[in-house]
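Asks: what shape does this take:
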Amino acid sequence: MAVIEVALRTMLAVVFGVAFISKARSRAAFAEFASSLGGIRWLTGGKRLIASVAIPVLEAAVTVLLIVPSAVPWAFGAGAVLLTGFTVVTASEVAKGHEIRCRCFGASGGQLGPAQVARNLVLLALAIAGLALAPASHGAVGAAGLIIAIGLALLAGVAIIRWDDLASLVSAP
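Replies: Below is the predicted model:
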């Protein structure tokens with residue numbers, strides 16, 4: 001169980017960390033992210049400003065909490081809450097047919113669509129699994145287990161970050 005928890009923590013830390021860095025790496029990147037929130041029509045004025053600051057701050061907080069062993073249950077819980085919000089808003093906007101540029105992992109994102117809803121659901125399931133495993137996964141993990149868990153988690157994190165590209169490979173032309 002501890003190896004699975006390490007893998008989940010690593011993968012989610014990579015995903016939330018890259019999401020944070022992609023938004024906070026420069027003023028231009030942050031401005032592009034904040035501007036993309038304008039496509040969410042009910043998120044206006046002050047609400048949009050709060051969301052544009054709160055989202056990267058919360059992504060950074062979840063990343064840090066995933067690294068601190070004593071905070072792991074809180075990290076998985078906070079990640080699950082954040083991912084629930086992302087999933088609900090994304091699914092709602094997609095269902096309404098609103099065209100919103102996905103700036104989740106930087107400037108290269110495409111339009112929000114079913115692929116992003118699916119990605120968020122996968123991440124949410126992983127955060128919930130981590131939350132369920134955290135209380136039962138005490139104990140040391142051997143070096144080989146750590147190497148495998150972290151290596152596979154890094155690969156999975158990259159796959160999640162590049163989800164849009166992978167989805168375009170399997171979608172019909």
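Asks: residue contacts, the closest residue to A156 other than its chain neighbours?
Replies: Spatially, and ignoring its direct neighbours in sequence, A156 is nearest to M11 (4.8 Å; C-beta to C-beta, 6 or more residues apart in numbering). (Glycine included, C-beta is placed from N, CA and C.) The contact partners of M11, by C-beta atoms under 8 Å, 6 or more residues apart in numbering, come to L126, A153, L154, A156, G157, I160.
Asks: and these as a markdown table, adding secondary structure?
Replies: As requested, these are arranged in a markdown table below (DSSP: H, G, I helix; E, B strand; the rest coil):
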| residue | secondary structure |
| --- | --- |
| L126 | helix |
| A153 | helix |
| L154 | helix |
| A156 | helix |
| G157 | helix |
| I160 | helix |
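Asks: can you put these in a markdown table and add neighbour count, distance to S36 and pLDDT?
Replies: Converted to a markdown table, the contacts of M11 look like this (neighbours: other C-beta atoms under 10 Å; distance: C-beta to C-beta, whole Å; pLDDT from 0 to 100):
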| residue | neighbour count | distance to S36 | pLDDT |
| --- | --- | --- | --- |
| L126 | 22 | 24 | 92 |
| A153 | 22 | 28 | 71 |
| L154 | 14 | 27 | 73 |
| A156 | 19 | 25 | 74 |
| G157 | 20 | 22 | 77 |
| I160 | 22 | 19 | 76 |
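Asks: pull the most distant pair out of those.
Replies: L126 and L154 (14.2 Å; C-beta to C-beta).
Asks: so which residues of the protein form helices?
Replies: 2-24, 27-36, 45-67, 72-95, 114-133, 143-161, 163-170 (DSSP state H).
Asks: nearest to C102, of the ones you listed?
Replies: helix 114-133 (5.6 Å).
Asks: that closest one: which residues count as buried?
Replies: Using 16 or more other C-beta atoms under 10 Å as the burial criterion, the residues of helix 114-133 that qualify are 115-117, 119-124, 126-128, 130-131, 133.
Asks: also stretch 19-35?
Replies: Neighbour counts using 16+ other C-beta under 10 Å place A19, F20, I21, S22, K23, A29, F30, E32, F33, A34 of stretch 19-35 among the buried residues.
Asks: looking at the residues you listed, which one is closest to T87?
Replies: A19 (14.2 Å).
Asks: for the closest one, give its distance to A2.
Replies: 26 Å (C-beta to C-beta, to the nearest Å).
Asks: what do you get for R25?
Replies: 33 Å.
Asks: check H98 too.
Replies: 42 Å.
Asks: who has more neighbours out of the two?
Replies: More crowded of H98 and A2, by other C-beta atoms under 10 Å: A2, with 17 against 13.
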